[in-house]
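Participant: Next input, structure requested:
(one chain, ligands or ions: 1)
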Amino acid sequence: MFIGHYAAGLALKSVEKKASLGMLFIAVQLLDYLFFTLAPLGIEKFNLVKNYTAVNHYQIYYYPYSHGLLAAFLWSGAVYILWRSLFSATGRKVALVMALAVLSHWLLDLIVHTPDLPLLGNDSLKVGFGLWHYFAATYIVEVSLLVGALMLYLRATTAIGTMGKYAMIIFVIVMIAIYTVVVNTPFNPDQTVAAASFAALAVFTVFTAVAFWLDRYRV
Ligand SMILES: [Zn+2]
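Facilitator: This next block holds a predicted model:
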């Protein structure tokens with residue numbers, strides 16, 4: 001999943017407004033930040049295979065540290081402990097929301113991935129409902145999640161000025177536009193795992209920076 005992960009960030013922000021939207025945007029993609037960092041290092045592994053699924057070319061075959069269910073729980077727990085120890089003033093609910101944001105990544109990936117998500121280590125049972133084999137269904141689910149979460153966010157928060165009124169709506173439209181371009185980009189046989197990983201990390205980082213920026217315009 002791609003933009004659908006940010007739906008979890010917006011939805012959790014509407015539940016706990018004291019949480020930073022920028023931090024939530026990092027948390028919902030933490031497992032992919034790890035994966036796309038570990039993959040170029042050869043610690044986790046995927047191949048680029050033309051039309052491996054209907055929406056991308058990722059044949060992922062080794063990522064127990066970032067995308068194992070056990071690992072997801074451990075990362076989520078680590079984020080909870082980190083928040084409780086570093087940002088204890090913001091309260092227990094913020095830490096809980098941050099931990100849930102991390103865990104949401106695995107649950108949303110479960111819907112779309114082919115059965116490549118290990119429950120424990122790499123040799124354990126691998127799961128994934130395979131929505132990625134269906135282009136239209138994947139697109140509708142990702143966009144609907146994001147638009148639905150945007151509505152929750154707009155209802156739960158109050159705009160400060162014109163920026164607060166319109167900027168987040170425009171940002172979501174831009175995210176959907178970028179997603180539309182990404183899933184329609186033809187396979188590039190010259191692209192390497194490292195280049196694909198850096199491109200993903202760059203997009204995540206830009207989205208996160210915008211979330212930090214826009215957070216102050218709605219309270
Ligand atoms: Zn993922």
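Participant: which residues make contact with the helix or strand harbouring residue 202 from outside it?
Facilitator: In the assignment (DSSP states H and E), residue 202 maps to helix 193-215. With CB atoms under 8 Å, 6 or more residues apart in numbering as the test, helix 193-215 has contacts from 6, 9, 20-22, 24-26, 29, 32-33, 36-37, 39-40, 46-48, 163, 167-168, 171, 175, 178. Heads up, the C-betas are built off the backbone N, CA and C, glycines and all.
Participant: Please list which of those residues also come close to the ion.
Facilitator: residue 32 (CB under 5 Å from the ion).
Participant: Mind checking which of the contacts of helix 193-215 are in strands?
Facilitator: Among these, the residues falling in strands (DSSP state E) are 46, 47, 48.
Participant: from memory the second one sits against residue 61, does it?
Facilitator: In this case it means residue 47. Yes. If you go by CB atoms under 8 Å, residue 47 and residue 61 touch, sitting 7.3 Å apart.
Participant: Apart from its neighbours in sequence, what residue is nearest residue 178?
Facilitator: residue 203 (7.0 Å; CB to CB, 6 or more residues apart in numbering).
Participant: Can you say which of the contacts of helix 193-215 are buried?
Facilitator: Buried by 16 or more other CB atoms under 10 Å: 6, 9, 20-22, 24-26, 29, 32-33, 36, 39-40, 46, 48, 167-168, 171, 175, out of the contacts of helix 193-215.
Participant: what residues are up against residue 100?
Facilitator: Contacts of residue 100 (CB under 8 Å, 6+ apart): 8, 12, 76.
Participant: so the last one touches residue 103, yeah?
Facilitator: Yes. If you go by CB under 8 Å, residue 76 and residue 103 touch, sitting 4.3 Å apart.
Participant: buried residues in stretch 58-71?
Facilitator: Result for stretch 58-71 [16+ other CB under 10 Å]: buried residues 58, 60, 62, 63, 64, 65, 66, 67, 68, 69, 71.
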